Structure formats: C-alpha cells, structure tokens
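Peer 1: what follows is a predicted structure for the sequence shown.
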Amino acid sequence: MSNPANIAEAGLRVCSRCIYDERVNGIHFDEQGVCNFCHQVDTLKQQFGTGTAEGKAKLDKIIDDIKKAGRNKKYDCVIGVSGGTDSSYMVYLAKEWGLRPLAVHYDNTWNTAIATENIRKVLSALDIDLYTHVVDNKESDDIFRSFFMASVAEIEASTDLALAEVMYRAAWKHGVQYVLEGHSFVTEGITPVGRNYFDGGYIKSIYRQFGRRKLSSYPLMTFSRFMWWTTVARIRKIRPFWYLDYSKEDARAFLEQEFDWKYYGGHHLENRMSSFLHSVYLPQKFSTDMRNNTLSALARNGKMTREEAWAEYNTPPTVEPELVSYFQKRIEVSANEYASVMATPPRSWWEFKTYKQRFERLRPLFRILAGMNLVPTSFYLKYCFPAKK
C-alpha cells in the first residue's frame, strides 16, 4: 500500500480503535470515530458471552449436546483442518473436551510442505483420523485460472466453499450432526464483503465463461445443496472460539511447543494459492491488503497499538521467491498474459450471477437458522444484507 507509515499522516479517515479506514466497504463511524465493525465485534462478544463464564457455560452445553448426538458413533464432530494455527488448535481443544472428531481436509494441491507436516504432526499426536478430499489438480487450477482471467478478486473462493461442502459430506456419511470451525471474530473480525464474496452460483457463473474443462471432482456447493445441508440434514456449525478468550499468539506458541508445529510466516500463508492471493494478487491488482483484518483485530484487542498496526499494514507484504512464476506455470498463463490480466481494470462479484439476492430475500429464515447454529452468524451478517457496491 502507498500510504504514509505514520497513521497521523495517513490522509484518510481511520477508525479510532482499529485501523479500518474509509476505503473499507460498508464502513461508517460514530461520533467518537469508532467504526461499525468495532461495534459489531462488541455486539457479538455480548451475544456469545465471549471470554466470560456465561460464554463458557454456553459452550459446555453445546459440547454436551455434541456428545449426546454422537453417542455410539465412531465420530461425534467434524473439524476442517488446514495446518494453520486456528484449525490445529481447534482439534487439540476438541480432544481435550472429550470429543471424537474426524478431521477433514480439502486439498486444492497448493499446500505448502509446512502445512502438510503440521496436519500430520498434530493429528498423529492426538490420534485423530483424517479424511482428505483431493481434487483433480487440473480442475482446481482451471477454476483458479478462470477467476484470474475474469479479473475478479476472489480467485481462491473455490477452496473455502469446497471445504465447507466436503465437511458437510463427511459429516453426513458418518452420521455426525456437528461441524466445528476454528474461526474467531475477535482475532479476525467479520471480514467486510467488499472483494471477499463467494458462493456456488458465483463459481458456476465465472467457470461457465472462462473454464476450459468439465468439472467432475470439484465438490461444488450449489444453493439447493446448501439449503439441504442446513434445513434437511440439519448439520450444525459451531465456532467454539466465539465463546472463549482465544489468543492466536498463545495457541501458536502452544502448538510449537507441544507438537513441533511450524509457523508459516503469516495469516493464510500455509497454502501457496492463499499466499499468492494475499501477498501479490490483491495488493498489486486491487490495491487491497487483507492484513488489515488481523492487524485491526490486534489493535482493537490492545495487543498492538494502532500506530504499530498501521505501520505494519503499510509495509510491503512478504512474497515467497518464485511464487509468481509458480502461479503462472500452474494455471498455464504466459508472462505476457499474466502482465496483461494484472493490468486489466478489476471487475467485481456483483457483475456476475450469484446467490446474493436469494440470501437477502431469505434473511428472516437465515436469522432463525443462525440462531440454531445451522448457518454461521458471520454468514447471516455478511451475506443476508445488501452490500455497498
């Protein structure tokens, strides 16, 4: 980013508690200069009792429900794993709570060796079974290529959606009623929609225009499948960190000490596609740096001053050597094609068919489903309200 490293000289309106600034989609400020996203975190803390005895009691009740629902079954919950901090610590906690999780991984074939080793080390030590869905790498690369050629920001959307679908499938196969997710709104916030939207309709729309092969191994979650998982199969999604006083830094130190787990250098950088997205594609093509989500959370939580967070936000992201050439080779674009696309004006998700309007029309239903843990509250907050375009 090209802003001054000194927040006092930013020349932008910046939240007085975090470092979200006036360029963040949907942001507005109160009389004290605090942004609506900080207020959203405060509201969620109150709603979930985060870090309090009330929150712990709520989570204990959910854990009891998981154990009852999973009685006489091999597994009582499914947990998605990536080799990152949050999911690795999530499986550790689940085991500590006496749960019998099945770990599920969606391998988009861009994993770093560190991530793969982290998964092996943690699951082996905890004696947790792993189910991995490996997509045909030519297929997944062609989806990534399609999003790149479309000049939209969400080139990795297919990975997040596929993991959600694979976790549902694994839960259904084993008769499991609960999926646990290692997400914390305290350490990550609720990422504004902006250039971070995805659903199955969006993937179908992009791939129909830019894809080059038939999809056969990619686990696409369509609207009808999503509704079936949530309203018929009624598989619940639980985010335990929403109830707990969770510290990503403490979790990382614990994992390193107990499991010889290795840090990979930054949020979401355990996968090379994620690394390209966050370190190269978004900053260089969209002038978007999603480090502001984590850094804002650190400032909001008092673990870093706003000045420190802003200064780090405005340093160039670390880029792995040969990452761009690796990306070009994997998605089969020449250096000239790559340069041409990177110079093409960005396009946005609302220029393509998505399920967004359906989600908004069904907002009352999704509010009820969120209250029953059948869809994440973050989905309701992000996807069911009109977004600023």
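Peer 2: Looks like it arrived, so ask away. Numbers count the residues shown, from 1 in each chain.

Peer 1: out of everything not next to it in sequence, what's closest to residue 171?
Peer 2: Leaving aside its sequence neighbours, residue 171 sits nearest to residue 78 (Cβ to Cβ, 6 or more residues apart in numbering; 4.6 Å). (Each C-beta comes from the backbone N, C-alpha and C, glycine too.)

Peer 1: parallel or antiparallel, list what pairs with the helix or strand containing that neighbour.
Peer 2: In the assignment (DSSP states H and E), residue 78 maps to strand 77-80. In the sheet, strand 77-80 lines up against strand 101-107 (parallel), strand 178-180 (parallel) (DSSP bridges).

Peer 1: closest to residue 68 out of those?
Peer 2: strand 178-180 (10.7 Å; Cβ to Cβ).

Peer 1: return the mean pLDDT over the helix or strand following that closest one, rounded to an integer.
Peer 2: Next in sequence after strand 178-180, counting helices and strands by DSSP H and E, comes helix 185-188. Mean pLDDT, helix 185-188: 86.

Peer 1: export helix 185-188 to PDB, keeping only CA atoms.
Peer 2: The C-alpha coordinates for helix 185-188 follow below in PDB (Å, rounded to 0.1, in the frame of the first residue of the first chain):
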ATOM      1  CA  PHE A 185     -14.300 -13.000  15.200                       C
ATOM      2  CA  VAL A 186     -12.100 -11.500  17.900                       C
ATOM      3  CA  THR A 187      -8.800 -12.300  16.200                       C
ATOM      4  CA  GLU A 188     -10.100 -11.900  12.600                       C
END
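
Peer 1: that helix packs against which elements?
Peer 2: helix 36-48, helix 291-300 (3 or more Cβ pairs under 8 Å, 6 or more residues apart in numbering; DSSP states H and E).

Peer 1: what's the distance between it and the middle of its chain?
Peer 2: Here helix 185-188 is found 11 Å from its chain centre; the criterion is Cα atoms, centre = their mean, to the nearest Å.

Peer 1: can you check stretch 252-268 too?
Peer 2: Per Cα atoms, centre = their mean, the centroid offset for stretch 252-268 relative to its chain is 18 Å.

Peer 1: contact partners of that stretch?
Peer 2: The contact list for stretch 252-268 (Cβ atoms under 8 Å, 6 or more residues apart in numbering) reads 83-85, 88-89, 92, 112, 114-115, 117-118, 121-122, 125, 188, 270, 274-275, 277-279, 291, 293-294, 317-318.

Peer 1: restricted to helices, list those residues.
Peer 2: 85, 88-89, 92, 114-115, 117-118, 121-122, 125, 188, 274-275, 291, 293-294 (DSSP state H).

Peer 1: please identify the deepest-packed of the helices and strands packed on helix 185-188.
Peer 2: helix 291-300 (a mean of 24; mean count of other Cβ atoms under 10 Å).

Peer 1: and residue 75, how many residues sit next to it?
Peer 2: Residue 75 has 22 neighbours, counted by other Cβ atoms under 10 Å.

Peer 1: picking up where we left off before, for residue 386, which of the helices and strands packed on helix 185-188 is the nearest?
Peer 2: helix 36-48 (14.4 Å).

Peer 1: quick check: buried residues in the very next helix or strand once past that closest one?
Peer 2: Later in the chain than helix 36-48, the nearest helix or strand by DSSP H and E is helix 53-69. Neighbour counts using 16 or more other Cβ atoms under 10 Å place 55, 58, 59, 62, 63, 65, 66, 67 of helix 53-69 among the buried residues.

Peer 1: elements contacting helix 53-69?
Peer 2: By 3+ Cβ pairs under 8 Å, 6+ apart, helix 53-69 packs against strand 178-180.

Peer 1: so for the strand it packs on, mean pLDDT?
Peer 2: 98.

Peer 1: ok, now stretch 108-118?
Peer 2: 91.

Peer 1: how much space between the residue in the chain sticking out farthest from the centre and residue 100?
Peer 2: Centroid-distance maximum for the chain: residue 72 at 32.2 Å, with Cα atoms, centre = their mean. Look at residue 72 and residue 100: by Cβ to Cβ, to the nearest Å, they are 11 Å apart.

Peer 1: okay, now the unreliable bits of the chain?
Peer 2: 1-2, 192-195, 265-269, 388-389 (pLDDT under 70).

Peer 1: pick out the residue nearest the middle of it.
Peer 2: residue 160 (6.6 Å).

Peer 1: which residue is the nearest non-sequential neighbour of it?
Peer 2: residue 198 (6.4 Å).

Peer 1: residue 153 is in contact with that neighbour, correct?
Peer 2: No. Between residue 198 and residue 153 there is no contact under Cβ atoms under 8 Å: 9.9 Å.

Peer 1: list the contacts of the residue nearest to residue 160.
Peer 2: Here residue 198 is in contact with 154, 157, 158, 160, 161, 349 (Cβ under 8 Å, 6+ apart).

Peer 1: with adjacent residues omitted, what lies nearest to the second one?
Peer 2: Leaving out its chain neighbours, the residue that sits closest to residue 157 by Cβ to Cβ, 6+ apart is residue 198, at 3.3 Å.

Peer 1: repeat for the last one
Peer 2: Taking Cβ to Cβ, 6+ apart, and ignoring the residues beside it in sequence, residue 349 has residue 197 as its nearest neighbour in space, at 4.3 Å.

Peer 1: and for the one you found, the neighbour number?
Peer 2: For residue 197, using other Cβ under 10 Å, the count is 22.
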